[in-house]
Structures are given as structure tokens and as C-alpha cells.
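J.: my questions are about this predicted structure, shown below with the sequence.
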Amino acid sequence: MSSIPHADGAAATVRSDVKLIGLVGLAHAVSHFSQLLLAPLFPWLKDAFNVSYTELGAVLTVFFVVSCIVQAASGFVVDKLGPRPVLFVGLGLLGLAAFGYAMAQNYWMLLGAAVVAGVGNGVFHPVDYTLFNRKVAPTRLGHAYSVHGITGSLGWALAPAFVVPIAMAYGWRVALAAGGAVALLVLLVLWLNRGVLSLDVKAVQKATGSGAGTGGEFAFLRIPAVWMCFGFFFFYAMALSVVQTFAPSAAGRLHDVPLALVAVCLTIYMVASAAGMVVGGFLASDPARCERIVGAGFGIAAVLALVLALADFAPVMVPVLFGAMGFASGIAGPSRDLLVKRSTPANATGRVYGVVYAGLDIGQAIAPLIFGRLMDHGQYTSVIIGLAVVQGVLIASAFNVRRVRREALVPVSASA
């Protein structure tokens, strides 16, 4: 079996890559699973703590704000200590936070548990992509990114299906405790396979340039492409947030869609997105075309959103359009992650991914404030058109990443 040497001195085989990708994907699924533990239980929590939906929403805001801060900072820790211990701490904190939710006696205890959960959630992207970029063969990176996106989507899909039936049968505290048990069970699986997740940090630093390199640990912040990637993920998170929260309801109002069909729009979108990521993993085998794939995927998604907003068609077509939009967006997923890799200095993987993916948390925190106001005023067409606009911005952002990266590589002529 052929093997490919890596920066940490190890060699990757198909078997080792598959095992690593599977373990990292499992951990990533738990991260997304934990993000949606509370929201499906809001009706129970509202009565239990005598609070409003706005106050419960603030718990999620705290979660994402803390996750954003930790995500930006944890990359530095990953580069210094390696990804494995940081991953174990993150999973442990997610389990601890779920048990904290389950034992909460008042609203403030919920907020405290959300802080713990945010800290745990913030480590995953720097950890995951450091492991992928350092240990997976370059020819299989597209598939690694594809699996990463798919498992995240499955984690989102699993959470409500897991906690709601348990809450109905045994109560919301048992449901949340069961969610914590899932996180700890996955932590045990990863601990038993800890050798697969090992990374020789010193060997990586030696191969890529010892320590932080020229300019210190924060030198990567002067790279324009890093900030273009941050902006790209900010707008990507806004688009995803609109789809997850308001777009199905807005489309339902525009086309008189029965509630049963509105309810399945998001599920169809996420399943189709996962299928698109499988295709996108093969397309991403050539990193040189990643910007074109991102542009094509989100371009098609934007056109479909405009059709959803402006065309007149039967209500049954709304879920179909959501599925097509999810598939097109999913195709862009693996190439989206390659945009960051191609803009990342060899000795700053964790730090770059930490800062860039912090844009996800910020976008998810801001989008509901903007599009929620449009929904409150009955501007349903504007919600869907706004989604199309954000998807259009993603196309421009992707090609801007390539432009600034190329400009950085072209030396300035003395005669210019």
C-alpha cells in the first residue's frame, strides 16, 4: 500500500487516513449536536424557568459569543501543544455543559453552562483542520473536508431527533443528560484511538520553520488572504443562519405552503447539502479550481433563491428548490475549506483556522438580528432576496481570496 510522508514525519496510508477522518468527523458531529441540544427543548425550558423565548435565545447568543472568542484563541494552543489534548478537553467540556444544563435550577445556571459549552465548542475547527492538513494525504484532503461537512450536518439533524423523544418520555433533564453522555461516549472512543490523533508538534515546527516564524506568532494576521477568508466565512454563516431559521417560513408564507411541507424544507436542505458535499469532495481533488467550484455552487444557489422569492409555482416545489439549493451549496463545501488551506502559512495552521472560522460564530450571531426584523415586518420576499444577495457576496469573496493571495506572491517591480 502506498504511503505519503507528512510534516510530522509520519506516513499516511488509505487505511490510516480513513480512520483519522472518521474519528475527526465523529468529534465534529458531537460539536454540531451540542449546538442544537437546547433549542428543541425551548418549550420545556420556557415553562420550567418561567422565561421568555428572547431570554432563552440569549443563552444561545452567549454560547456563540464565547465560542467565537475561544475559536480565535484556541488555534494558538493547538499550534503549541498539538490538537489531541485540545480536542479531548473540548469534548469533555461539551459533556460537562450538557450535564450542567440538566442540573440547572435557574436561568443563570443555564447561562453558566452555556459559557462552558461555548469554550468546548470553540476548539473544533482549529483542531480538526490541523489534523487533516498535517496527517491526511493531499490527494484525499477534499474527501476529508467533505466528510467533515457531512458529519456536521448529521450532528445538527440528530440533536432534535434525539432529545425531543427523550424529553417527551422522561423529561427535559434526562434528555440533556443523555446528550452529555453522548459527548462523553465519543470522548471515550477517541481516547481508545488516541494514537491515530497524535501529532509530533516539534517535528511539524522543524519541517515548516521552527516556532512562529518571522514576525512572531501574530505575523499571519498581516496576510490579506486570511482576512478575506474570515469575511467569506462570516457571510457563509449568515446564509446558513437564514436557511436554518427564517427562509423556510418566509417561503411558506410567499407560496402558501402547508406547515407539514415547511417543516421538511430544512431537513431536505441539510440532506441534499450532505449529498452535495460527497460530490464536492471529488471535485476538490484539484485545489487550483476551488474558487471556481465555490463560485459555481453558490451562484446556482443564489439563482435558486431568486426563483424562490420571485417566481410563481406550486407549493410542492418549495421543498424541491430547497433541496436543489442545499445540493449546490454542499458541492462548494470542500472547496470552501481548501480556500483557507491555500492561504495558510505552513507554521500557523491552528491559528489561521481559529481566526477564520470565528467568522462563522459572528455571522450566526448577527444574521438573526437583521433577518428577524424583516420577518417581524412581514418582508418575506426581502428575506429570500437577502439570502440570494449574501450568496452572491460569497462568490465575490471567494475570487477575492484568490486575487489577494496571488498579489502576495507577485514581487513588486522596482520600475513599477
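T.: Thanks, I have it. Numbering: from 1, shown residues only.

J.: I'd like to know how many residues surround residue 139.
T.: The local packing of residue 139 (other CB atoms under 10 Å) involves 11 other residues. The C-beta positions use only the backbone N, C-alpha and C, and glycine is treated the same way.

J.: what's the first-to-last distance across stretch 189-197?
T.: End-to-end distance for stretch 189-197, by CA to CA, to the nearest Å: 12 Å.

J.: residues contacting that stretch, please?
T.: Applying CB atoms under 8 Å, 6 or more residues apart in numbering, the contact partners of stretch 189-197 are 16, 19-20, 23-24, 26-27, 83-84, 87-88, 91, 131.

J.: out of those residues, which is nearest to residue 58?
T.: Closest approach between these and residue 58, by CB to CB: residue 91, at 25.4 Å.

J.: wait, the closest one touches residue 182, no?
T.: No. With contact defined as CB atoms under 8 Å, residue 91 does not reach residue 182; the gap is 10.2 Å.

J.: quick one: common contacting residues for those two?
T.: Common contacts of residue 91 and residue 182 (CB under 8 Å, 6+ apart): residue 30.

J.: ok, these two, which is more surrounded?
T.: residue 91 (28 against 22).

J.: for the more buried one, give me its contacts.
T.: Contacts of residue 91 by CB under 8 Å, 6+ apart are 27, 30, 120, 183-184, 186-187, 190.

J.: how about a cut-off of 7 Å?
T.: 27, 30, 183, 186-187, 190 (CB atoms under 7 Å, 6 or more residues apart in numbering).

J.: what pLDDT does it get?
T.: Per-residue pLDDT puts residue 91 at 97.

J.: quick check: which element contains it?
T.: Taking DSSP states H and E as the definition, residue 91 sits inside helix 83-103.

J.: pull out the buried positions in that helix.
T.: 83-84, 86-91, 93-102 (16 or more other CB atoms under 10 Å).

J.: run a quick neighbour tally on the spatially closest residue to residue 19 that is not a sequence neighbour.
T.: Nearest non-adjacent residue to residue 19, counting by CB to CB, 6 or more residues apart in numbering: residue 196, 5.3 Å away. Residues near residue 196, counting by other CB under 10 Å, number 17.

J.: distance of residue 196 from residue 47?
T.: The gap separating residue 196 from residue 47 is 45 Å, by CB to CB, to the nearest Å.

J.: among the contacts of stretch 189-197, which two are most distant?
T.: 16 and 91 (21.4 Å).

J.: got CSV for the contacts of residue 91, with distance to residue 173, secondary structure and pLDDT too?
T.: Shown next, in CSV, are the contacts of residue 91 (distance: CB to CB, whole Å; DSSP: H, G, I helix; E, B strand; the rest coil; pLDDT from 0 to 100):
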residue, distance to residue 173, secondary structure, pLDDT
27, 25, helix, 96
30, 20, helix, 96
183, 16, helix, 97
186, 21, helix, 97
187, 21, helix, 97
190, 27, helix, 96
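
J.: out of these, which is nearest to residue 366?
T.: Checking the contacts of residue 91 against residue 366 with CB to CB, the nearest one is residue 30 at 25.6 Å.

J.: hang on, the residue nearest to residue 19 in a helix?
T.: Yes. Applying DSSP: H, G, I helix; E, B strand; the rest coil, one finds residue 196 inside a helix.

J.: which residues in the chain form strands?
T.: For the chain, strands defined by DSSP state E occupy the ranges 4-5, 11-12.

J.: among the ones you listed, which gets the worst mean confidence?
T.: strand 4-5 (a mean of 44).

J.: need the contact list for residue 267.
T.: residue 157.

J.: quick one: it from residue 248, how far?
T.: 10 Å.

J.: now do stretch 100-107: everything it contacts.
T.: Identification of contacts with stretch 100-107 by CB under 7 Å, 6+ apart yields 38, 49, 51, 55, 110, 112-113, 116, 173, 176-177, 180.

J.: now do the end-to-end distance for that stretch.
T.: 12 Å.

J.: mind checking how far that stretch is from the chain centre?
T.: Mean C-alpha position of stretch 100-107 versus that of the full chain (CA atoms, centre = their mean, to the nearest Å) differs by 27 Å.

J.: what about residue 334, neighbour count?
T.: 31.

J.: just checking, it touches residue 278?
T.: No. The criterion here is CB atoms under 7 Å, and residue 334 misses it with residue 278 at 9.3 Å.

J.: which neighbours do these two have in common?
T.: Joint contacts of residue 334 and residue 278 (CB under 7 Å, 6+ apart) are residue 146.

J.: report pLDDT for the spatially closest residue to residue 146 that is not a sequence neighbour.
T.: Excluding the flanking residues, the one nearest residue 146 by CB to CB, 6+ apart is residue 281, at 2.9 Å. pLDDT recorded at residue 281 is 81.

J.: pretty sure residue 281 is in contact with residue 148, am I right?
T.: No. If you go by CB under 7 Å, residue 281 and residue 148 don't touch, sitting 9.7 Å apart.

J.: according to the record, where do the domains of this protein fall?
T.: As assigned by automatic domain parsing, the chain contains the domains 8-194, 217-407.

J.: same list, these, but as JSON lines with distance to residue 200 please.
T.: Putting the domains of the chain into JSON lines (distance: least, CB to CB, whole Å) gives the following:
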{"stretch": "domain 8-194", "distance to residue 200": "4"}
{"stretch": "domain 217-407", "distance to residue 200": "14"}
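
J.: lowest mean pLDDT across these, which one is that?
T.: Lowest mean pLDDT within the domains of the chain: domain 217-407, at a mean of 83.

J.: show me the contacts for residue 111.
T.: Per CB under 7 Å, 6+ apart, neighbours of residue 111: 59, 62.

J.: ok, it to residue 121 distance?
T.: Remark: distance between residue 111 and residue 121 (CB to CB) = 15 Å.

J.: got it, and residue 186?
T.: Counting by CB to CB, the gap from residue 186 to residue 121 is 14 Å.

J.: and the two? Which one has more around it.
T.: Counted by other CB under 10 Å, residue 186 and residue 121 do not tie: residue 121 has more neighbours, with 26 against 19.

J.: the more buried one touches residue 30, doesn't it?
T.: No. Using CB under 7 Å, residue 121 is not in contact with residue 30, being 9.6 Å away.

J.: what's the overlap in contacts for these two?
T.: By CB under 7 Å, 6+ apart, the residues touching both residue 121 and residue 30 are residue 94.

J.: how far off centre is stretch 224-235?
T.: Centroid displacement of stretch 224-235 relative to its chain, using CA atoms, centre = their mean, is 14 Å.
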